[in-house]
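*Asks:* sequence and computational prediction follow.
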Amino acid sequence: MTATRTATLTSATVHEAAGRIGALPSAIKPVHPAMHVEGPAFPVRMPAGDNLWLHRAVYAASPGEILVIDCGGGFEHGYFGEVLAEAALARGLAGLVIHGGVRDARRLGEIGWPVFAERVCIRGTGKDPHGDGELGEPITIGDVEIRRGDLVVADTDGVVCVPADRAEEVRAASAARDEAEHGYISRLRAGESTLAVYGLR
């Protein structure tokens with residue numbers, strides 16, 4: 001899998017380390033369970049049932065960015081498939097997060113380029129050159145506003161998005177949480193209880 005950094009962050013840990021913010025709707029899951037990506041967001045807003053803005057986004061985003069797509073509530077379409085995955089891979093983009101459907105799921109899994117979608121759907125899309133959309137401007141998915149450059153972390157547990165100005169702080173806090181959890185696991189394997197490890201009664 002590709003990413004802008006070594007894939008060390010996990011979505012659940014980042015969500016906790018950030019103060020339980022930034023979780024995108026839990027229905028958004030990887031096309032293949034091994035997929036993982038972290039990197040800066042490139043937001044895209046496009047009309048329901050139309051993927052022309054997604055074609056444009058592949059060539060507007062910078063290498064290493066993750067396309068984060070708001071489909072305007074039109075979930076019952078497959079906006080992204082094998083052809084666009086190959087195009088995004090060729091451009092060096094890091095991954096896709098879409099609040100909508102994708103198709104060619106088997107091929108996407110074989111290609112291995114990280115794709116996180118609300119569903120898999122075979123229904124195709126239009127390409128209206130006059131359709132309403134935007135590239136690189138803020139979008140909202142669920143209750144999370146996503147701006148260009150925000151830190152996105154996605155894995156089999158879900159997707160989290162953290163404001164760019166908190167990214168380094170959250171990375172450091174995530175690393176500290178991971179280190180603490182390794183210590184908890186060592187203590188559990190040595191026979192202690194979760195009540196003792198967490199100081200619960």
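*Replies:* Great, that's in hand.
*Asks:* check contacts around Asp128.
*Replies:* Neighbouring residues of Asp128 by Cβ atoms under 8 Å, 6 or more residues apart in numbering: Pro47, Asp50, Leu52. To be clear about C-beta, it is placed using only N, CA and C from the backbone, and glycine gets the same treatment.
*Asks:* with Ile139 instead?
*Replies:* Applying Cβ under 8 Å, 6+ apart, the residues near Ile139 are Pro43, Val44, Arg45, Val68, Asp70, Glu145, Ile146.
*Asks:* most neighbours among those, please name it.
*Replies:* Val68 (31 neighbours; other Cβ atoms under 10 Å).
*Asks:* report the secondary structure state of it.
*Replies:* Using DSSP: H, G, I helix; E, B strand; the rest coil, the secondary structure recorded for Val68 is strand.
*Asks:* centre of the chain versus stretch 86-93, how much separation?
*Replies:* 16 Å (Cα atoms, centre = their mean, to the nearest Å).
*Asks:* buried stuff in that stretch?
*Replies:* Using 16 or more other Cβ atoms under 10 Å as the test for burial, stretch 86-93 gives Ala88, Leu93.
*Asks:* where do the helices sit along this structure?
*Replies:* Applying DSSP state H to the chain gives helices spanning 11-17, 52-60, 82-90, 105-111, 167-189, 194-197.
*Asks:* stretch 169-180 - what's its average pLDDT?
*Replies:* Mean pLDDT, stretch 169-180: 94.
*Asks:* same check, this time on stretch 186-196
*Replies:* 95.
*Asks:* over to stretch 56-74?
*Replies:* Stretch 56-74 comes out at a mean pLDDT of 97.
*Asks:* now the contacts of Asp128 as TSV including neighbour count, distance to Tyr59 and pLDDT?
*Replies:* What follows is those, written out as TSV (neighbours: other Cβ atoms under 10 Å; distance: Cβ to Cβ, whole Å; pLDDT from 0 to 100):
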residue	neighbour count	distance to Tyr59	pLDDT
Pro47	19	19	97
Asp50	21	17	97
Leu52	17	12	97
